[in-house]
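K.L.:
Everything below, folded, please.
(2 chains)
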Amino acid sequence: MSFQMMLMQLAGGMVKSISIFAWTLIFSLPLGLIVSFGRMSSNKLLGGVVKFYISVMRGTPLMLQLLVVYFGPYYLFKMHIGGAYRFIAIILGFSVNYAAYFAEIFRSGIESMPKGQYEAAQILGYSKNQTFFKIILPQVVKRILPAITNEVITLVKDTSLAFSLAYLEMFSITKQIAAKETTFVPFIVAGLFYYIFNFVVAMVMENLENRMKYYK
Amino acid sequence: MKKFAAVLMSVIMVASLAGCGSSSASKAASGSAPSSGAASSKNASASANKSSANTENMSDKKKFVVGFDAEYPPYGYMDDDGQYVGFDLDLAQAVCDMEGWELVKTPIDWDSKDMELNSGSIDCIWSGFTINGRESDYQWTQPYVDNSQVMVVSDDSGISSLADLKGKTVGVQSASAALTLLQDPKGQKDLADTFAKLQEFGDYNSAFVELQSGSIDAVAMDVGVANYQLKSRGEGYKILDEALNTEQYGVGFKKGNTELCDIVNADLTKLAGDGTVAKLADKYGISDLVCLKAK
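P.N.:
This is a model prediction of the structure:
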């Protein structure tokens, strides 16, 4: 296999890795925010359930969770799986897992806001919703961006776990080319691909951080 | 909140931009090299078919989903054009051509093969799949390859027989037939007990690097795979004359799926009769291993 061909194959795999990455972010970030509300809820039952969910998501390997999400419906309900469900299961597994991590990051941000701001907003006549979305959340986003960047970069590398569901993202393809060519070269190239993509992600996030340095 | 949306949007945009980049790269490449370009576009349409396998039932063609290990040359692997080929896959294609089925090649994670098969994600495992020791676990076709498990050692290791492996570290692929054999009291467990250590590894690249660096002394593997590895890696290795066993490859269907199994089985006989099997065996250099011959 020529080097150019290898690059093309890996680039094709990278597109699939990135689609896992993008879809996971689209679902897990909003879900994480909702979960963080549940975690901070004054309702003890809801708070307990969410706490348990987060504990399971953080306490078991993501690869295991992916296997459960994909093969679970068959073994539990004898449902037909395969075809398009492979990708859906991957996005579902990743999103539900990452939402748990994002929820804790959101919570740390939201709980770090001084109580005085809520009181001031109330006196100024802001409703609860207005207070949260117009005053609290923008500050929270500024504070948690570095922590979010950490998770996002981890997500890029975690996409390689999709190989356990036989989804041909970049790392699966790398292993296949390495097996065919009997060399380690594809792994080095794959490492470069991951690094370059994460470099771009980190740059974008840093840029965002800088743009959010208003009031400073 | 707007800024937050901006974060999300920019991430997605970066993602989609990266997507554009690579697809235009493949376009450019197909423009410059017509032969590989045709192959890659064929490949693209094949993968498109796969992704819409469930949504698109326009064609009446029955789909035959073959699960295989794509890291298992010469039986199933990615070729120079990025297509999945190999003796097993070409044979599966020949069966599909006879039956008018559409072959769906699904590379699977070998450790999850049983889950893939039992859940119906794949119709069969066709991937240099050893029958011996698994007779009652799957619905088998007739055997088509006479395989044996062999030991690969470095030329300069001074190991020339299985007895020389006493006190040595031996590598074996996890979940492989060789591992089962070395752990089976009726198989080669007695031999394995003389080793200092039985080291499991994930892929053959790692195993050969460890063999080269001397951290393991021998690697157990299928003879067909060993031939491919030695041919591809050049000098420095040899296969011990003594084999660990002899065994046979078959196509494994889910237990009880006799209907599909019988069709494929009958087709294999026909393909042996018309010389297709022999031709493919010659193409992949395993002629002396194929046991499915014209009667």
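K.L.:
How about residues contacting stretch B:75-86?
P.N.:
A:1-2, A:5, A:8-9, A:12, A:173, A:176-177, A:179-180, B:36, B:39-40, B:42-43, B:46, B:68-74, B:87-89, B:105, B:107, B:126-128, B:224-225, B:284 (Cβ atoms under 8 Å, 6 or more residues apart in numbering or on different chains). Every residue, glycine included, has its C-beta placed from N, CA and C.
K.L.:
average pLDDT for the helix or strand that A:Met203 is a member of?
P.N.:
Assigned by DSSP states H and E, A:Met203 falls within helix A:185-211. Mean pLDDT, helix A:185-211: 93.
K.L.:
next one: stretch A:124-138
P.N.:
93.
K.L.:
in it, what counts as buried?
P.N.:
A:126, A:131-132, A:135-137 (16 or more other Cβ atoms under 10 Å in any protein chain shown).
K.L.:
wait, which of these is closest to chain B?
P.N.:
A:Leu137 (6.0 Å; Cβ to the nearest Cβ).
K.L.:
Now do the same contact list for B:Thr141.
P.N.:
Counted by Cβ under 8 Å, 6+ apart, B:Thr141 has contacts B:250-251, B:253, B:261, B:264-265, B:268.
K.L.:
How is chain B partitioned into domains?
P.N.:
With domains defined by automatic domain parsing, chain B comprises B:61-145+B:249-283, B:148-246.
K.L.:
Mind telling me what element A:Leu25 is part of?
P.N.:
helix A:3-39.
K.L.:
Would you mind getting the angle between whichever helix or strand comes after that helix and helix A:3-39?
P.N.:
Next helix or strand after helix A:3-39 toward the C-terminus (DSSP H and E): helix A:44-59. For helix A:44-59 against helix A:3-39, the angle by axes from the mean of the first three to the mean of the last three Cα atoms, to 10 degrees is 160 degrees.
K.L.:
Which other helices and strands does helix A:44-59 contact?
P.N.:
Other helices and strands packing on helix A:44-59, by 3 or more Cβ pairs under 8 Å, 6 or more residues apart in numbering or on different chains; DSSP states H and E, are helix A:3-39, helix A:85-111.
K.L.:
Nearest to chain B among those helices would be which one?
P.N.:
The nearest among the helices and strands packed on helix A:44-59, by Cβ to the nearest Cβ, is helix A:3-39 at 3.6 Å.
K.L.:
Now do the closest one: distance to the chain's middle.
P.N.:
Its chain's C-alpha centre and that of helix A:3-39 lie 7 Å apart, by Cα atoms, centre = their mean, to the nearest Å.
K.L.:
same question for the helix or strand hosting A:Leu67, mean pLDDT?
P.N.:
Using DSSP H and E, A:Leu67 sits within helix A:62-77. Averaging pLDDT along helix A:62-77 gives 92.
K.L.:
Identify the residues contacting that helix?
P.N.:
For helix A:62-77, the surrounding residues in contact (Cβ under 8 Å, 6+ apart) are A:57, A:79-81, A:85-86, A:89-90, A:92-94, A:96-97, A:158, A:161-162, A:164-165, B:112, B:115, B:118-120.
K.L.:
how far does it sit from the chain's center?
P.N.:
On the basis of Cα atoms, centre = their mean, helix A:62-77 sits 19 Å off its chain's mean C-alpha point.
K.L.:
and the direction of that helix versus that of helix A:44-59, what angle?
P.N.:
Using the same axes, to 10 degrees: helix A:62-77 against helix A:44-59 is 120 degrees.
K.L.:
give me the low-pLDDT residue ranges for the stretch 151-295 of chain B?
P.N.:
B:295 (pLDDT under 70).
K.L.:
Which residue is it, in it, that comes closest to chain A?
P.N.:
For the stretch 151-295 of chain B, Cβ to the nearest Cβ, closest residue to chain A: B:Ser232, 4.6 Å.
K.L.:
coming back round to it: of the helices and strands packed on helix A:44-59, give the one that comes closest to A:Gly191.
P.N.:
helix A:3-39 (10.7 Å; Cβ to Cβ).
K.L.:
buried set for the closest one?
P.N.:
A:5-29, A:31-33, A:35-36, A:38-39.
K.L.:
Keep those residues, but drop any that are not near chain B.
P.N.:
Restricting the buried residues of helix A:3-39 to those near chain B by Cβ under 8 Å from any Cβ of the partner chain leaves A:5, A:7-9, A:11-12, A:14-15, A:18-19, A:21-22, A:25-26, A:29.
K.L.:
Which strand or helix spans A:Tyr215?
P.N.:
Counting by DSSP H and E, A:Tyr215 is part of no helix or strand.
K.L.:
residue contacts, it?
P.N.:
So A:Tyr215 contacts nothing (Cβ under 8 Å, 6+ apart).
K.L.:
Quick one, grab the pLDDT at it.
P.N.:
71.
K.L.:
Reduced to three states, what does the closest residue to B:Cys96 other than its chain neighbours come out as?
P.N.:
Closest residue to B:Cys96 in three dimensions, ignoring its sequence neighbours and counting by Cβ to Cβ, 6 or more residues apart in numbering or on different chains: B:Leu103, at 4.2 Å. Reduced to three states with DSSP: H, G, I helix; E, B strand; the rest coil, the structure at B:Leu103 is strand.
K.L.:
Distance check, B:Leu103 against chain A.
P.N.:
15 Å (Cβ to the nearest Cβ, to the nearest Å).
K.L.:
Now do that residue: how many residues are near it, please.
P.N.:
Counted with other Cβ atoms under 10 Å in any protein chain shown, the neighbours of B:Leu103 add up to 20.
K.L.:
That one reaches B:Val66, doesn't it?
P.N.:
Yes - shown here, B:Leu103 and B:Val66 form a contact pair, counting by Cβ atoms under 8 Å, at 6.5 Å.
K.L.:
wait, is B:Ser148 part of a strand?
P.N.:
Yes - counting by three-state DSSP, B:Ser148 is located in a strand.
K.L.:
Now it. Nearest residue, chain neighbours left out?
P.N.:
B:Ala243 (4.0 Å).
K.L.:
B:Met151 in helix, strand or coil?
P.N.:
Per three-state DSSP, B:Met151 ends up strand.
K.L.:
List the residues that contact it.
P.N.:
Counted by Cβ under 8 Å, 6+ apart, B:Met151 has contacts B:159, B:162, B:165, B:170, B:218-220, B:239-240, B:242, B:244.
K.L.:
number of nearby residues for the residue of the stretch 151-295 of chain B closest to chain A?
P.N.:
Counted with other Cβ under 10 Å, B:Ser232 comes out at 15.
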